[in-house]
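Chemist: Sequence plus predicted model, see below.
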Amino acid sequence: MAIIGALPGHQRFLLVNWAQNLIGAGIRHRRLEREILHVSDGVLHTRGDSGSTMVIYERISGFLDPADVERFCGLIQDQSDLFTETKGKAGLGPKYRVINGNQIRERLLPIAELGENRVMPEAERLFEQRLQFLRSPRRSMRIQRYAQKTHEFRWHRDAHDYVALVTLRNTNRGETQVISPALSRFLKYLLYPFYAVPQVFSIFPYESIVSEPGDLLLMRGSAVLHRGITMMEDGERTLMVYTFDAHGKKPSVFRDRIARFLNY
Ligand SMILES: O=C(O)CCC(=O)C(=O)O
Ligand SMILES: [Fe+2]
């Protein structure tokens, strides 16, 4: 203490500042670990700056019963000519087979109705907020199928606030992987500099969510880096995906253009 007292004013300031940063980093680190631990119980919480708790995701097992899973699979099978393969845009966009929201509303109406009547209310309950489907009908819902090992949705944050993934099939051990919100807040600044090599984000701790047929995964996809990955060459993972924004949110023309360019 006497040594600190003997230092000239500006050096004392620097030393105290340095010590404060060190202690602060320790607290942040501990907080982060706690968040990652929290992920494992199925609902991941994070403390926002205000100290309040914010839900990041919830997986609801058996949201659809097996008969409904088979019914939706049958409907999709009958319309499988609609699937198009995304190009992945030089490694920047996702790689999978997709049926877009316009096609769903035209040819797979029960899937659109499921989103409106059951999935959106469930998301509103979890996130405690009125929601609206993404303004772009084409991207407000989709069916996406990962059918080979190279099919994946690289590390990203969603342009829309929330996403709901209903799993119909998962026979290739596909996973949704999620980085904690605290780390994501920091890593988002690296997302664009490292856009060509998204694999680097896999060195950070993440949570793997393996959804089974009938499960609903609700996620605050704009707040966390996440990806979809396929573990096996054979088999398929087929999802019904619904995308939401907070009610009344105006679409961002810029982000919409980027999403349209990268995705499908
Ligand atoms: O495939 C997954 O599990 C994640 C998909 C995803 O992140 C998305 O559709 O935005
Ligand atoms: Fe996503």
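Modeler: Yep, it's here. Ligands and ions are numbered 1, 2, ... in the order given.
Chemist: Contacts only, for E212.
Modeler: E212 makes contacts with 61, 167, 170, as judged by CB atoms under 8 Å, 6 or more residues apart in numbering. Placement of C-beta: from N, CA and C, glycine included.
Chemist: where do the strands sit along the stretch 101-250 of the chain?
Modeler: Applying DSSP state E, counting those that start in this stretch to the stretch 101-250 of the chain gives strands spanning 131-133, 141-146, 153-156, 162-170, 175-179, 206-209, 216-219, 226-229, 237-246.
Chemist: Can you pull the residues of this protein lying near ligand 2?
Modeler: 158, 221 (CB under 5 Å from the ion).
Chemist: so H156 touches L191, yeah?
Modeler: Yes: under the criterion of CB atoms under 8 Å, H156 makes contact with L191 at 7.4 Å.
Chemist: neighbour-wise, which of those two wins?
Modeler: Under the criterion of other CB atoms under 10 Å, the comparison of H156 against L191 puts H156 first, with 20 against 15.
Chemist: so what's that one up against?
Modeler: Going by CB under 8 Å, 6+ apart, H156 touches 191, 198, 225-227.
Chemist: again with R154
Modeler: Counting by CB under 8 Å, 6+ apart, R154 makes contact with 91-92, 94, 198, 227.
Chemist: run the last query once more with 7 Å
Modeler: 94, 198, 227 (CB atoms under 7 Å, 6 or more residues apart in numbering).
Chemist: count of residues packed around the residue in the stretch 101-250 of the chain positioned nearest to ligand 1?
Modeler: Of all residues in the stretch 101-250 of the chain, G228 sits closest to ligand 1, at 2.1 Å by CB to the nearest ligand atom. G228 is flanked by 23 other residues according to other CB under 10 Å.
Chemist: and if you look at Q177?
Modeler: Neighbour count of Q177, defined by other CB under 10 Å: 16.
Chemist: Likewise for the one 10 residues further on?
Modeler: Neighbour count for L187, taken as other CB under 10 Å: 19.
Chemist: can you tell me which residues contact it?
Modeler: By CB under 7 Å, 6+ apart, the contact set of L187 is 179, 201, 204, 225.
Chemist: next one: stretch 144-156 to chain centre, how far?
Modeler: Relative to its chain's centre, stretch 144-156 lies at 13 Å (CA atoms, centre = their mean, to the nearest Å).
Chemist: If you rank every helix and strand of this structure by mean pLDDT, what lands last?
Modeler: Least confident helix or strand, the chain: helix 9-39 with a mean of 48, by mean pLDDT, DSSP states H and E.
Chemist: Look up phi and psi at E70.
Modeler: According to degrees, to the nearest 10, the main-chain angles of E70 amount to phi -70, psi -40.
Chemist: From ligand 2, how far out is it?
Modeler: 26 Å (CB to the ion, to the nearest Å).
Chemist: what's the spacing between that residue and ligand 1?
Modeler: Note on E70: its distance to ligand 1, by CB to the nearest ligand atom, to the nearest Å, is 21 Å.
Chemist: ok so, going back, let's have the contacts of L187 in a markdown table, adding distance to P251, pLDDT and neighbour count.
Modeler: Output for the contacts of L187, formatted as a markdown table (distance: CB to CB, whole Å; pLDDT from 0 to 100; neighbours: other CB atoms under 10 Å):
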| residue | distance to P251 | pLDDT | neighbour count |
| --- | --- | --- | --- |
| I179 | 26 | 90 | 25 |
| F201 | 27 | 87 | 22 |
| F204 | 31 | 85 | 14 |
| L225 | 23 | 92 | 25 |
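Chemist: and the two most separated of those?
Modeler: Maximum pairwise distance in these, criterion CB to CB, is 8.5 Å, between F204 and L225.
Chemist: check contacts around the residue of the stretch 101-250 of the chain closest to ligand 1.
Modeler: Neighbour list for G228: 146, 152-153, 174, 176 [criterion: CB under 7 Å, 6+ apart].
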